[in-house]
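Q: Mind folding the following:
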Amino acid sequence: MPNLEFKKLLVFVTALGSIAGLSSCGSSVSVAALQPTLTFQLVDGGRVATQAGQPVPSFSYQPRPRVELGEGWRFEPADLSPVLTFATRSRETVRDLETEAAGRQKAGFDDATWQPIDVPGSTSPPPGGHPTDGWYRDTFTVPPDWSGQAVTLKFGSVNYLSDVWLNGVYLGYHEGGVTPFAFSPGKALVSGTNTLAVRVYDPPKGARIDVLPWYYNDAWEYEGITGPVWLEAAHPLHVVRADVVPYLDAADVSVVLQNSSEASYSNVSLDVEVLPAAVTASNLLDPNPVSLIPKDAQTIATQAIDGITLNANAVAVREGNFVFSGADHWTVLHPALYVLGVHVLSNGIVVDSFYDTFGLRRIQVDPTAPRLLLNGDPIAFTGVAVQDERVAPAVNGAPRGGTPGSPDDELRIARQAQSVNADLLRTNHVPGNPALLMLADRLGLGVWEEIPMNHFTPETFTYVMQRGIAQQMLAEMDLRDFNRPSVMFHAFANESTGVNERAAAMQALHDLDRKIDGTRLTAQAMYGSDPTDPTSSPLDVAGYTFYYGVFYGGRSPEPGTLRALQQAHRMYPHKPVMVLEFGQWVYDNGYDGQQGVVFSKTWPALLAHLDTAQDGYIGAAVWWSLNDYWTDVAGIGVERFGLYAPDGKLRRVGHLAQASFGEVTVPTGTAPGFTSGGSGAAEPVTEPAHILMHLGYALLFPVVLVALIVAAMVAARRTRRLRGAT
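A: Got it, this is the predicted structure:
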């Protein structure tokens, strides 16, 4: 949160933290009874994440029949009950919600006088918009040949809490404004005309301390359906998701398979294949993974998984394993991708296909030194922070505003970052825009993404973690971006206070992240003004925001920056120190020279201690930010921290960053244009039907071995006693 006025306000708000969200009796915090919707369940072959009664699907583009729900939406502002919004969803609660709706959820409701609205978009665009609760409605047509298909209704994001009806049938709810969710509409979806209704509520910032985020993010508050909405159809026997755990010479694939019908399938098999990929100018923006497969491409590796039986409405997990020889690794200079294809066969006939891209890469902390290793080689990132809003074309010297950015908008951001020789994007305090992550994969940009636990306090950590909202949001981010090699860091908090509560939260979220994923490094962003903050002990790296000479440490960044870096290194001698923010704003009169002063006096301390140097320990240096951005913090309007001005021109500090970052790394700046290669083979896998036998053996063998050793010791002792007696 690099804004002085906001920080002053925050001190006041934090001091009153125990007041925000208090119940009417004033003696205790009113914590929402509404439960998280994401859980993990054991199924045939493994564990799956489930939500709204179905396994959490992939949200990547699939070459399947789909209906984009981006047109024809209407919106009506409404005063919605906060108490009802956060009440446990029961039959009675849903009935109360429908009473409040007064027919808005029904297909025949007359919404002709409602205002048209863009989806994705927002009910509160800058500069004058304010978070506005209310109702969305859309009418769409389902193709007649979808009859009998398994259809999934997918939402990219809705800020903050949504309830969804289809043709008057309640499908469910979702809490959390920056992560995706889905429903299976089932019989509520009919052939022909359908009506979708969405109730959206966003609690005023600071009004509750049990939500995420609980207060301002220093970015614009875009309420509403902020992500795309679409319907996707598949055969009843289909792949829900396929997650790849990459190694440098191998890959493990976990396929979630679902039978959405009332019939059983007994002769089911999977064909899993790995194909080469080539990113070119013509397919760079094409979200379809199949578009990356070169013509006449030869399969690198295949594996057949046979003998699968799925009963009605059943879910199963099957594992595949591949080893590679001569495979290309994903790096920021050589972002090699591969395409995973999974084909479902019933009685030998392909009934469903699933595709996604992945990369072979490993990000880790050197076990012998506080440095980052990418594929075994030391790396120090130069980075920029990016916001999830449109920048161009500028309007009256300000960013255009609006969310989310189109693929072209995201490409502009990626190209700008590469042009200043940045190779790491910090996606503000939220998960990255999916289109930006796709481009980061393809162009070679590392990504640091996080959940919006921003400016949290001991009390807010306590209640959000008790409710499980942070855990759900982290799981949703992890699952959405599982196959994105560009995502290297998962962060859990930004510039927060408290020690015991925060450390406990960091430990719990680190453990959860490891269970779900384990291929990224865990982190938070601590205040650089307190370099001895101990709460990153459970995490992989020690992240800080540094504003010496701006908000603290005197009028100059030095010697405060170097002294704080040394203290941070002493506090965490075995962890890379990640400088996640340093920067300065352009003054209201247009003077931008102080930006250059802050950069010029901060950068030498960072450069001298990058972890690619001998005895170095800094793994990243991130300027806040790449572009100016809107904020709804009172009295500010636009935060002018950008290396770029809204007209797309580099500011003076941008030229400094370009030259300075270029001393560390020089990204390609163009589409790679090469085809990934190598050869591969399938590794034999344990049959799921025998897993209990193998598990029993694994558990029983040590017990038997210990028993034999103990028996031998007892026998030997008895022998010695007998000899002594004689």
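Q: residues contacting Glu476?
A: Counting by C-beta atoms under 8 Å, 6 or more residues apart in numbering, Glu476 touches 38, 56, 176, 179-181. Where you see a C-beta, it was placed from the backbone N, CA and C, and this is true even at glycine.
Q: switch the cut-off to 10 Å
A: 36-38, 49, 51, 56, 59, 157, 174, 176, 178-181, 431, 451 (C-beta atoms under 10 Å, 6 or more residues apart in numbering).
Q: host element of it?
A: Element membership of Glu476, judged by DSSP states H and E, is helix 469-480.
Q: elements contacting the helix or strand hosting Ser353?
A: Using DSSP H and E, Ser353 maps to strand 349-358. Contact partners of strand 349-358 among helices and strands, from 3 or more C-beta pairs under 10 Å, 6 or more residues apart in numbering; DSSP states H and E: strand 229-234, strand 237-246, strand 250-259, strand 265-276, strand 338-346, helix 434-443.
Q: how far does the shortest one sit from the chain's center?
A: Averaging C-alpha coordinates over strand 229-234 and over its chain gives two centres that are 21 Å apart (C-alpha atoms, centre = their mean, to the nearest Å).
Q: just checking, what packs against it?
A: Counting contacts by 3+ C-beta pairs under 10 Å, 6+ apart, strand 229-234 packs against strand 66-68, strand 134-142, strand 150-155, strand 192-201, strand 349-358.
Q: Of those, which is nearest Val119?
A: Closest of those to Val119 is strand 134-142, at 7.2 Å (criterion: C-beta to C-beta).
Q: re the thing from before, which of the helices and strands packed on strand 349-358 sits most buried?
A: Mean neighbour count (mean count of other C-beta atoms under 10 Å) peaks for helix 434-443 among the helices and strands packed on strand 349-358, with a mean of 24.
Q: Ser556 - nearest residue in space that isn't next to it in sequence?
A: Distances taken as C-beta to C-beta, 6 or more residues apart in numbering place Gly549 nearest to Ser556, at 4.7 Å, with adjacent residues excluded.
Q: cool, and Ser58?
A: Using C-beta to C-beta, 6+ apart and skipping residues adjacent in sequence, the residue nearest Ser58 is Arg241, 4.1 Å away.
Q: unless I'm mixing things up, that neighbour is touching Leu340, no?
A: No: counting by C-beta atoms under 10 Å, Arg241 sits too far from Leu340 to count as a contact (11.0 Å).
Q: which residues are common contacts for these two?
A: Common neighbours of Arg241 and Leu340 (C-beta under 10 Å, 6+ apart) are 255, 354, 356, 483.
Q: tell me which residues form a beta bridge with the second one?
A: Yep, that's Phe354 we're talking about. Beta-bridge pairing for Phe354 (DSSP bridges): Val342.
Q: per-residue confidence for Lys205?
A: The model reports Lys205 with a pLDDT of 88.
Q: whoops, Pro684 was the one
A: Turning to Pro684, the model gives it a pLDDT of 71.
Q: Is it in contact with Phe322, as I believe?
A: No: assessed by C-beta under 10 Å, Pro684 is found out of contact with Phe322, at 11.4 Å.
Q: And the helices in the stretch 351-500 of the chain, which stretches?
A: Remark: helices assigned in the stretch 351-500 of the chain by DSSP state H, counting those that start in this stretch are 407-419, 434-443, 458-467, 469-480, 500-516.
Q: which helices and strands does the third one pack with?
A: Other elements packing on helix 458-467 under the criterion 3+ C-beta pairs under 10 Å, 6+ apart are helix 4-15, helix 469-480, helix 500-516.
Q: Which stretch among those approaches Asp377 most closely?
A: Closest to Asp377 of the helices and strands packed on helix 458-467 is helix 500-516 (C-beta to C-beta; 23.8 Å).
Q: Please state the mean pLDDT value computed over the closest one.
A: 98.
Q: Okay, now the sheet partners of the helix or strand that that helix is followed by, with direction.
A: In the C-terminal direction, the helix or strand that comes right after helix 500-516 (DSSP H and E) is strand 521-527. Next to strand 521-527 in the sheet, as set by DSSP bridges, lie strand 487-494 (parallel), strand 542-545 (parallel).
Q: Neighbours of the closest residue to Leu650 other than its chain neighbours, how many?
A: In space, and not counting its chain neighbours, Leu650 is closest to Tyr644: 6.0 Å by C-beta to C-beta, 6+ apart. Neighbour count for Tyr644, taken as other C-beta atoms under 10 Å: 24.
Q: want to throw the shared contacts of Arg241 and Leu340 into JSON lines with pLDDT and distance to Leu212?
A: Formatted as JSON lines, the shared contacts of Arg241 and Leu340 follow (pLDDT from 0 to 100; distance: C-beta to C-beta, whole Å):
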{"residue": "Val255", "pLDDT": "98", "distance to Leu212": "31"}
{"residue": "Phe354", "pLDDT": "98", "distance to Leu212": "31"}
{"residue": "Asp356", "pLDDT": "98", "distance to Leu212": "28"}
{"residue": "Asn483", "pLDDT": "98", "distance to Leu212": "25"}
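Q: Which one (most neighbours) among those?
A: Counting neighbours by other C-beta under 10 Å, Phe354 leads the shared contacts of Arg241 and Leu340 with 26 neighbours.
Q: Just the ones of the contacts of Glu476 in strands?
A: Taking DSSP state E as the definition of strands, those contribute 38, 49, 51, 174, 181.
Q: Mind telling me the two of the residues you listed farthest from one another?
A: Greatest spatial distance in the ones in strands among the contacts of Glu476: Ala49 and His174, 13.9 Å, computed using C-beta to C-beta.
Q: So for those two, which residue has more residues nearby?
A: Neighbours were counted for Ala49 and for His174 using other C-beta under 10 Å; His174 has more, 26 against 19.
Q: For the more buried one, name its beta-bridge partners.
A: Note on His174: beta-bridge partners by DSSP bridges are Ser162.
Q: from memory it sits against Gly156, does it?
A: No: His174 is beyond contact range of Gly156, at 11.5 Å (criterion: C-beta under 10 Å).
Q: Touching both of those two, which residues are there?
A: Common neighbours of His174 and Gly156, counting by C-beta under 10 Å, 6+ apart, are 180-181.
Q: what about the protein, any weak spots by pLDDT?
A: Within the chain, the stretches falling below the threshold (pLDDT under 70) are 1-29, 666-672, 685-726.
Q: one step back: what's the offset of the strand holding Ser353 from the middle of its chain?
A: Counting by C-alpha atoms, centre = their mean, strand 349-358 is centred 23 Å from the centre of its parent chain.
Q: Am I right that Ala564 falls within a strand?
A: No: counting by DSSP: H, G, I helix; E, B strand; the rest coil, Ala564 is not found in a strand; it is helix.
Q: That one: neighbouring residues, count only.
A: For Ala564, the count of nearby residues is 24 (other C-beta under 10 Å).
Q: can you check Arg563 too?
A: By other C-beta under 10 Å, the residues close to Arg563 number 14.
Q: wait, what's in contact with the residue positioned nearest the centre of the chain?
A: Among the residues of the chain, Met477 comes closest to the average C-alpha position under C-alpha atoms, centre = their mean, at 3.0 Å. Neighbour list for Met477: 176, 178-180, 430-432, 449-451, 487, 490, 513, 516-517 [criterion: C-beta under 10 Å, 6+ apart].
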